[in-house]
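# Provided below are the primary sequence and the corresponding predicted coordinates.
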Amino acid sequence: MLKFRLMEFHKELIKKGKYMEAKKVLVLLIKEKLPLGLNDSDYYLEECFQKIGCRISYSTRYYVAYVYLQPV
């Protein structure tokens, strides 16, 4: 069910013209782990992934949030 929600989110991003964010969603679907940095697009994706229900962990040393393709 989580993969289906991510694919629907990917379609919405493509319709809005947010291709870089959509590419990162595809990377998450393929690799099942995605590092997010501090830029605006990554912050937007982090909020959306939390709403969808992905597991997110934070690295304290490198200012990176990791998104995993596992439900919370």
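Structure's in. What do you need?
# pull the CA atoms of the longest strand along the chain into PDB?
If you go by DSSP state E, the chain has its longest strand at strand 64-71. Extracted C-alpha coordinates of strand 64-71, given in PDB (Å, rounded to 0.1, in the frame of the first residue of the first chain):
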ATOM      1  CA  VAL A  64      20.800  14.400   6.700                       C
ATOM      2  CA  ALA A  65      17.400  12.800   7.000                       C
ATOM      3  CA  TYR A  66      17.100   9.300   5.600                       C
ATOM      4  CA  VAL A  67      13.700   8.100   4.300                       C
ATOM      5  CA  TYR A  68      13.000   4.400   4.300                       C
ATOM      6  CA  LEU A  69      10.400   2.500   2.300                       C
ATOM      7  CA  GLN A  70       9.000   0.900   5.500                       C
ATOM      8  CA  PRO A  71       5.800   1.900   7.200                       C
END
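# which residues outside it are in contact with it?
The contact list for strand 64-71 (CB atoms under 8 Å, 6 or more residues apart in numbering) reads 2-3, 6, 28-29, 32-37, 42, 45-46, 49, 53-59. For the C-beta atoms, the positions are set from N, CA and C on the backbone; glycine is no exception.
# give me the buried entries from those residues.
6, 28, 34, 36, 42, 45-46, 49, 54 (16 or more other CB atoms under 10 Å).
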